[in-house]
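# For reference, the sequence and a predicted model appear below.
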Amino acid sequence: MKLTLHHINLSTEKVGEMDRFYREVLMLEEADDDLPALRGDKDVYDGDVAFLGDGHMHLHVARKDVDAGFRTGHIVNPVAHGHVAYRTDDIEAFKAHLEAKGIAYSDWGTSAVAGWHQVYFYDPDGNVIEVHQAVR
């Protein structure tokens, strides 16, 4: 089971302004590789997202949605305050690893992003961490 840093997600009410800021100030460009296919389901998450990158890693600037966890029945809400995301080559092994460590997680499956099986959990300080596997 391998993990690699994949993206950082910032949740905001100002997607357009943040998009321009990161493009103009940090010279990021629109990501053109490995973009998630948001399902756009109003019962899961249908927010505006800017996908930026530096050629190595992504920055996802997503519309803040503090109710996404309530609507979906998940304890961990990845778009309330943002998160750091890692990619794995074996999501089932990673879930077993979390369980062995006694770490509670929310398994979003592919409900928010077509082609990515996503799980979310908290670090000891309450920061959200995503681990996903591409399952195309």
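Right, received. Where do you want to start?
# what are the ranges of the helices in the chain?
Secondary structure of the chain (DSSP state H): helices at 15-24, 68-72, 91-101.
# For His60, which of those helices is the nearest?
With Cβ to Cβ as the criterion, His60 lies closest to helix 15-24 of these, at 10.2 Å. The C-beta positions use only the backbone N, C-alpha and C, and glycine is treated the same way.
# can you pull the buried residues of that closest one?
Within helix 15-24, the residues scored as buried using 16 or more other Cβ atoms under 10 Å are Val15, Met18, Asp19, Tyr22.
# mind listing what the closest residue to the last one other than its chain neighbours touches?
Distances taken as Cβ to Cβ, 6 or more residues apart in numbering put Leu28 closest to Tyr22, at 4.8 Å, once the chain neighbours are dropped. Under the criterion of Cβ atoms under 8 Å, 6 or more residues apart in numbering, the neighbours of Leu28 are Tyr22, Leu52, Gly53, Asp54, Leu59.
# how much space between Leu28 and Leu10?
Remark: distance between Leu28 and Leu10 (Cβ to Cβ, to the nearest Å) = 12 Å.
# Between the two, which contacts overlap?
Leu59.
# so where's this structure shaky on pLDDT?
33-46 (pLDDT under 70).
# Let me see the ranges of the strands in it.
Using DSSP state E, the strands found in the chain span residues 3-12, 29-30, 37-38, 49-53, 58-63, 83-88, 106-109, 113-114, 116-122, 128-134.
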